[in-house]
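J.: using only what follows, build the 3D model:
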Amino acid sequence: MRDISGYSIGVLVSMVIHVAVVAALIGSWQPDAVQVMVQPQYIEAQLVELAPTKKPQTKTPARAKADSAKATRAGEAPRRAETKGRSQTVGGIKRKQAREQEEKRRREAEEQRRRIEAELEQAMVKEQAQINAREDQRVANSYLQLIRQRLTDNWNRPPSARRDMETLIEIRLVPTGRIVGVNLLRSSGDPAFDRSVEQAAFKAEQFEELQQLEPRLFENIFALLKWRSARKI
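T.: Numbers count the residues shown, from 1 in each chain. Now for the predicted structure:
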């Protein structure tokens, strides 16, 4: 019974306290009050990873020497490339100049060869022309000697002929050797003497031997033939 009475007293005390709290709350409540709510602020947290601190390495002499050689080679590489580029450029220019000089020498040699051939050909043509001219003159002389002899045989010296008289006539011939005209070029001063020379030409009438001549040789020498008849004694 003592325990139940104690429990009842505790319950009663608790009820009294609750009633008092409720009464206090109701007594202090103000319906028009503004309720302020504070928004919580959030802070974003990030995980930062710290890199481990490297411990400085001490280079050995061999490693330092190797690194120095590597750096030297790395520095020399651009210089070698530049030197190689210049060398290739210079080499290309020299090869081009060599080709141009070789081409120039070839052209000069070709021009010299052609010049020598042309000079040789001209010399051969000139020599052949001289040979032909000598042969033509030899043949012409033989026919001229025949014509002079026949005219001399046909000439009758007139009684009026005196010492140192001379008459020059021109005889026109055709390829058959026939005389078609006689002209007096220079008179002796004696008409009888001049006429005797002209008659000697007309008396010959034709030199048939001239038909054997080449047309070229006839036209050059015998188409217009001059004959001089003189009285020297």
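J.: and the strands in this protein?
T.: With strands called from DSSP state E, the chain shows them at 165-173, 179-186, 224-231.
J.: will you turn those into JSON lines that also has mean pLDDT and distance to Glu205?
T.: Bear in mind the C-beta positions are built from the backbone N, C-alpha and C, glycine included. Below are these laid out as JSON lines (pLDDT from 0 to 100; distance: least, CB to CB, whole Å):
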{"stretch": "strand 165-173", "mean pLDDT": "91", "distance to Glu205": "11"}
{"stretch": "strand 179-186", "mean pLDDT": "92", "distance to Glu205": "6"}
{"stretch": "strand 224-231", "mean pLDDT": "72", "distance to Glu205": "14"}
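J.: between the ones you listed, which one is closest to Gln199.
T.: Closest to Gln199 of the strands of the chain is strand 179-186 (CB to CB; 9.1 Å).
J.: residues contacting the closest one, please?
T.: Outside of strand 179-186, the residues within contact range by CB atoms under 8 Å, 6 or more residues apart in numbering are 166-174, 194, 198, 201-202, 204-207, 226.
J.: mean confidence score for stretch 201-215?
T.: Averaged across stretch 201-215, pLDDT comes to 90.
J.: ok, stretch 144-155 next?
T.: Averaging pLDDT along stretch 144-155 gives 91.
J.: go on, stretch 125-139?
T.: Rounded mean pLDDT across stretch 125-139 is 88.
J.: tell me the buried residues in it?
T.: The neighbour-count check on stretch 125-139 (16 or more other CB atoms under 10 Å) flags Asp136 as buried.
J.: now that stretch - C-alpha only, CSV.
T.: Extracted C-alpha coordinates of stretch 125-139, given in CSV (Å, rounded to 0.1, in the frame of the first residue of the first chain):
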residue,chain,number,x,y,z
VAL,A,125,83.7,23.8,-152.0
LYS,A,126,86.3,26.5,-152.7
GLU,A,127,88.9,23.9,-153.6
GLN,A,128,86.4,22.1,-155.9
ALA,A,129,85.5,25.5,-157.5
GLN,A,130,89.2,26.2,-158.1
ILE,A,131,89.6,22.7,-159.6
ASN,A,132,86.6,23.3,-161.8
ALA,A,133,87.8,26.7,-162.8
ARG,A,134,91.2,25.4,-163.8
GLU,A,135,89.6,22.6,-165.8
ASP,A,136,87.2,25.0,-167.5
GLN,A,137,90.1,27.3,-168.3
ARG,A,138,92.1,24.4,-169.7
VAL,A,139,89.2,23.3,-172.0
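J.: before we move on, the earlier item: out of the strands of the chain, which one sits most buried?
T.: Greatest average neighbour count among these goes to strand 165-173 (a mean of 18), per mean count of other CB atoms under 10 Å.
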